[in-house]
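Q: Compute the structure for the input listed below.
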Amino acid sequence: MRALSTRERKLVAIGLLMLAIAGIWWALIEPFADGFAERAARREELRLAYVRNSRLINAIPPLRRRAENQSDLKARFLLVAPNATIARDKLRERMRTDFASAGGEVTAVQDVPAQPGYARAWVQGRITLAQLQTLLGKINSASPALIIESLRISADKAIETGHLEPLDVRLETSVPTLSAAQ
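A: Have a look, this model is predicted:
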């Protein structure tokens with residue numbers, strides 16, 4: 001091998017120096033600088049979380065006031081009772097009362113198994129068509145509004161006699177319930 005000239009030695013020295021600087025950069029300085037960038041990104045993440053949490057915390061009092069204002073609306077949509085048995089009793093009594101106040105003659109009232117959080121019952125009796133319309137209007141407008149599950153109408157007497165006779169009606173309803181403790 002021949003000896004390197006002075007110029008070549010300088011170029012090799014500069015190349016080795018550049019290589020050493022690049023090695024030091026990648027080994028020491030870049031991880032150190034990346035650590036700063038990662039910590040800055042984490043700080044920004046935490047700042048955004050803090051702002052988001054502050055907004056949530058500040059929203060709690062108005063939400064609580066709205067919930068308190070709406071708590072009296074529960075009675076419009078839910079049947080409030082201490083337990084499921086009393087809720088079923090209230091529903092049966094309501095159906096009996098509504099049927100009788102519409103002018104119908106109640107022959108039977110019975111509760112029906114329902115999913116948790118609901119009360120179901122049916123009422124059976126004799127009622128005219130106009131009274132049935134009144135009953136259905138009352139069921140839908142009184143609080144809590146009942147869900148009409150089924151309505152069975154039998155007009156056997158009218159077919160036999162040819163006259164408009166009272167209808168035999170079986171009306172099954174349900175209503176969402178709420179424990180009074182809630």
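Q: what about the chain, any weak spots by pLDDT?
A: Counting by pLDDT under 70, the ranges of the chain that qualify are 1, 75, 158, 180-182.
Q: Output the longest helix belonging to it.
A: helix 30-70 (DSSP state H).
Q: residue ranges of the helices in the protein, please?
A: Under DSSP H, the chain gives helices at 6-24, 30-70, 74-77, 84-101, 129-141, 156-161.
Q: Of these, which stretch is the most buried?
A: Comparing those by mean neighbour count (mean count of other CB atoms under 10 Å), helix 84-101 comes out on top with a mean of 19. (Each C-beta comes from the backbone N, C-alpha and C, glycine too.)
Q: got the angle between that helix and helix 129-141?
A: Relative orientation of helix 84-101 versus helix 129-141 (axes from the mean of the first three to the mean of the last three CA atoms, to 10 degrees): 140 degrees.
Q: Pull helix 84-101 out as CSV, backbone CA atoms only.
A: The C-alpha coordinates for helix 84-101 follow below in CSV (Å, rounded to 0.1, in the frame of the first residue of the first chain):
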residue,chain,number,x,y,z
ALA,A,84,-92.4,-4.4,42.7
THR,A,85,-95.4,-5.9,44.5
ILE,A,86,-96.8,-2.5,45.4
ALA,A,87,-96.1,-1.3,41.9
ARG,A,88,-98.2,-4.1,40.5
ASP,A,89,-101.0,-3.4,43.1
LYS,A,90,-101.0,0.3,42.1
LEU,A,91,-101.2,-0.6,38.4
ARG,A,92,-104.1,-3.0,39.0
GLU,A,93,-105.9,-0.4,41.0
ARG,A,94,-105.3,2.3,38.4
MET,A,95,-106.7,0.0,35.7
ARG,A,96,-109.7,-0.9,37.7
THR,A,97,-110.4,2.7,38.6
ASP,A,98,-109.9,3.9,35.0
PHE,A,99,-112.1,1.2,33.6
ALA,A,100,-114.9,1.9,36.1
SER,A,101,-114.7,5.7,35.7
